[in-house]
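> Output the structure for:
(chains A and B)
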Amino acid sequence: MTRIVMLAATALVLMVAAVFFPFLELSAGGMVRRSSLLDAVLAFSSGMMLPLTFAVAALIIVLPVIRLGTIVYALAPMALGWHPAKHAVAAFRVAQALSPWAMAEIFIVGVSVALVKVAGLAKLSFGPAFWTFTILVLVTILSDNYMCRLTVWKTLEERRRR
Amino acid sequence: MSGTQGQTALTARQAGLVGCQSCGRVHAMGTSHCIRCGSALHSRMPGSLQKVWAWLFAGMVVYIPANIYPMLLTSSLGRTTESTIIGGVIDLIDYGSFGVALIVFVASVLIPVGKFLAIGYLALVVRPGSRITKGSGLHGRQHLFEVVEFIGRWSMIDVFVVAILSALVQLDFAATINPGIAAVSFSLSVAFTMLAAQSFDPRLIWDAEEAQAA
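The predicted model follows:
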């Protein structure tokens, strides 16, 4: 339980760094272009494709943050041996419902495919955010692996009753 | 006769119980909300198959423009080329990156089409009165459903590739990449089929056995 909370909290911190630092750097013919995660999100922001911007932002930034936040909220008090938080049940249900829609790890695979496509065109270098985001994905997967849905529900119920 | 040891399984409904789909707690039949996690309880999701078909057809309809219209608009030195999903895969093969071409092909063609077929098949065979009720296939159906539910989200890869490329490659005259309208319909298709898989009630699979035993 403590391990899940720690990993989820780590992932949250990493997410902040991943959003604001430059993600990838592209240089071709003397021109340099830096783009952060936010730029990738805003790529669709012209004209008809505006709704897709919100969708991408939700899938790779907002939903993972909400999911990690609710997990920390629901489990942290229990990991410290306190009574579960007031809305822990609702929070954990939200986390569970969001899990198929948080697609950070799929984004990473997308990044690697994009890198191969651009490789011939220009020189690429990774920014700090690329590494933080990769670690973030690994940490999230790790914490999901430690977490057993049924055990969490059971503990939540037992602790609430006391 | 089915089940792994050759005996018929007892479903919760036969035992007069109803399990919570969210947290797994078992209640007496007729309880309306789970006392552990508070989500609504249904022995079988009402209208599950209807929702599955609706989302599935919506997903199939928007998958057509996703393949016809361009996904990427690449302009290089004043020339603009449009490439569709399949076109992008062919480009990658031309560059000689077969592995990545395979990933994109699997994620944006094989998985969506396979998902249409798999969800359609599952929704067909769990209909009450379906003639395809071979008991030995029930475990296979459950596995198929789990695979479909797990793998569906991975189709989004291509949309993210387009997002990154068009954010990154904005080098004015030398090369610019812009997203095409197919990106929108493709992501809608992925979302709709994910909803179709989520509205499918896997417990329907095991009702075939119950009907056989009765």
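> measure stretch A:38-54 end to end?
11 Å (C-alpha to C-alpha, to the nearest Å).
> just for chain A, where's the confidence low?
A:27-33, A:43-49, A:83, A:85, A:120-122, A:160-162 (pLDDT under 70).
> A:V65 is in contact with A:A11, isn't it?
No - using C-beta atoms under 8 Å, A:V65 is not in contact with A:A11, being 9.0 Å away. C-betas here are computed from N, CA, C, even on glycine.
> And the host helix or strand of A:N145, what does it pack against?
Using DSSP states H and E, the element containing A:N145 is helix A:128-146. The contact analysis (3 or more C-beta pairs under 8 Å, 6 or more residues apart in numbering or on different chains; DSSP states H and E) places helix A:128-146 against helix A:2-20, strand A:22-28, helix A:63-79, helix A:104-119.
> and the next helix or strand after it, how far out from the chain's middle?
Counting by DSSP H and E, the next helix or strand C-terminal to helix A:128-146 is helix A:149-161. Averaging C-alpha coordinates over helix A:149-161 and over its chain gives two centres that are 25 Å apart (C-alpha atoms, centre = their mean, to the nearest Å).
> All the strands of chain B, residue numbers only.
B:17-19, B:26-28, B:72-76, B:79-83, B:170-171, B:175-179 (DSSP state E).
> Can you say which of the ones you listed is packed in most?
strand B:175-179 (a mean of 20; mean count of other C-beta atoms under 10 Å in any protein chain shown).
> Tell me which strands it pairs with, and in which orientation.
strand B:72-76 (antiparallel), strand B:170-171 (antiparallel) (DSSP bridges).
> quick one: A:I60 and A:L38 touch, right?
No - using C-beta under 8 Å as the test, A:I60 is too far from A:L38 to be in contact (10.6 Å).
> Contacts only, for the residue in chain A that chain B sits nearest to.
Among the residues of chain A, A:G110 lies closest to chain B, at 3.0 Å counting by C-beta to the nearest C-beta. Residues near A:G110 by C-beta atoms under 8 Å, 6 or more residues apart in numbering or on different chains: B:156-161, B:163-164.
> Can you tell me the closest non-neighbouring residue to it?
Leaving aside its sequence neighbours, A:G110 sits nearest to B:F160 (C-beta to C-beta, 6 or more residues apart in numbering or on different chains; 3.0 Å).
> Show the contacting residues for that neighbour.
B:F160 neighbours (C-beta under 8 Å, 6+ apart): A:40, A:56, A:60, A:103, A:106-107, A:109-111, A:114.
> Residue 116: neighbouring residues, count only.
In the absence of a named chain, this looks at chain A. 17 (other C-beta atoms under 10 Å in any protein chain shown).
> that's the other chain; I wanted chain B
Neighbours around B:F116, by other C-beta under 10 Å: 18.
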